[in-house]
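> One predicted model, sequence on top.
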Amino acid sequence: MSFNKILLPLDGSQLAEKALNPAVALAEALSAKIVLLRVVVPLSINLDPDLYQRLIDEGQEEAERYLSGIQLRSLFSTVPVKGETVVGKAANSILDFVQENGIDLIVMASQGRSGIDRWVYGSVADKILQKANCSLAIIHPQVKTEPFANQRILVPLDGSMQAERALGPALLLTHETAAEMILLRVAEIPPIPKEPVEGWPGIESVMEIAEQDAKMYLRRVQESLIDGRVQINIQVNAGPVAESIIRMANEQQVDLIIMTSHGRSGIDRWVFGSIAGKTLRGAQCATLVV
């Protein structure tokens, strides 16, 4: 899997601009180019057509000036960058642009102009998560460390081929940033019988077997990836999956979590009220959903 073209949607706010440095860091690591996109959202009121068009034109001119100023910043001296403006509803316009321009990765902040409502909840990022046909990296504005400062990338796996699709991008970024890759498998606590069941070995025995199986699986994945150029470590945790991923990311001071939108079921997307969604909402570091 390659990431050649990165889209960075901006709404003119400082919070949205928190995604600038991470996007550039990813573009440098991936040898990708960045497209800055500003969506001019029309007013949802009836106006004289001439006045309406004049307002749209002024909005586009302002958006173009804004993006031109962003492109002149020194952080873009190391990567190709261009600016684009479109008119329409924010989420739909971003999705259409992705489809029409062969975007491989969207990088955006979890907070936009409002500063209060997180984009990722029922708004722009949520719609993009549901419908985009490319990968999405969510950046949390409250994180103050520089991208890849700790040089650790966390890859949660559940034993499925779907989840292992995150390994390609993770290995590529690990190589290019000289980072450490941490493979995580969470052994979920199984249902405990309400009544005594003959042959039930007990929760401790069941968890011990699950953790041993998880460790064996991660070792197989680790051995398949080792090429002498990267450091790959494995971790097994027990407990609720999303909470365990977030806790591991915090404890290990991870820069980036890379995971897929599909898990073991292959049908239900993790991101909808489940593992990836909870991770996106709770993690303090950036999260890249493949």
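That came in fine, so what should we check first?
> tell me the mean pLDDT over stretch 187-198?
The pLDDT scores in stretch 187-198 average 64.
> Would you confirm that Ala137 contacts Ser110?
No: distance between Ala137 and Ser110: 10.5 Å, which falls outside the contact criterion (C-beta atoms under 8 Å). For glycine as for every other residue, the C-beta is placed from the backbone atoms N, C-alpha and C.
> And the helices in the stretch 151-290 of the chain, which stretches?
Along the stretch 151-290 of the chain, the stretches classed as helices by DSSP state H, counting those that start in this stretch are 167-177, 203-225, 241-251, 275-282.
> So which of those helices is nearest Thr260?
Nearest to Thr260, of all the helices of the stretch 151-290 of the chain, is helix 275-282, at 7.7 Å by C-beta to C-beta.
> Which neighbouring elements make contact with that closest one?
Here helix 275-282 is seen to pack against helix 241-251, strand 256-259, strand 286-289 when contacts are counted using 3 or more C-beta pairs under 8 Å, 6 or more residues apart in numbering; DSSP states H and E.
> And the contacts of the longest one?
By C-beta atoms under 8 Å, 6 or more residues apart in numbering, the list of residues contacting helix 241-251 from outside reads 154, 156, 158, 182, 184, 186, 188, 235, 237-238, 254, 257, 259, 274-275, 278-279, 282-285.
> for the helices and strands packed on helix 275-282, which one sits closest to Leu51?
strand 286-289 (41.3 Å).
> starting at the chain centroid, how far to that closest one?
On the basis of C-alpha atoms, centre = their mean, to the nearest Å, strand 286-289 sits 2 Å off its chain's mean C-alpha point.
> What of stretch 232-249?
Counting by C-alpha atoms, centre = their mean, stretch 232-249 is centred 17 Å from the centre of its parent chain.
> How about stretch 165-179?
Taking C-alpha atoms, centre = their mean, one finds stretch 165-179 lying 14 Å from the centre of the chain it belongs to.
> for that stretch, what is the average pLDDT?
This predicted structure assigns stretch 165-179 an average pLDDT of 92.
> State the distance from Glu251 to Glu211.
For Glu251, the distance to Glu211 (C-beta to C-beta, to the nearest Å) stands at 18 Å.
> actually Ala32, not the one I typed
Applying C-beta to C-beta to Ala32 and Glu211 gives a distance of 38 Å.
> Neighbour count: these two, which is higher?
For the pair Ala32 and Glu211, the greater number of neighbours falls to Ala32 (19 against 16), based on other C-beta atoms under 10 Å.
> Am I right that that one is in contact with Asn4?
Yes: with the criterion set as C-beta under 8 Å, Ala32 and Asn4 qualify as a contacting pair; they are 5.3 Å apart.
> Which residues does Leu36 form beta bridges with?
Beta bridges link Leu36 to Leu8, Gly83 when assigned by DSSP bridges.
> tally of neighbours for it?
By other C-beta under 10 Å, 23 other residues sit near Leu36.
> Show the contacting residues for Lys18.
Residues near Lys18 by C-beta under 8 Å, 6+ apart: 109, 111, 139-141.
> how about a cut-off of 6 Å?
The contact partners of Lys18, by C-beta atoms under 6 Å, 6 or more residues apart in numbering, come to 109, 139, 141.
> export the residues you listed to a markdown table and tack on distance to Gly59, pLDDT and secondary structure?
What follows is these, written out as a markdown table (distance: C-beta to C-beta, whole Å; pLDDT from 0 to 100; DSSP: H, G, I helix; E, B strand; the rest coil):
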| residue | distance to Gly59 | pLDDT | secondary structure |
| --- | --- | --- | --- |
| Ala109 | 21 | 88 | strand |
| Ile139 | 25 | 90 | strand |
| Pro141 | 24 | 77 | coil |
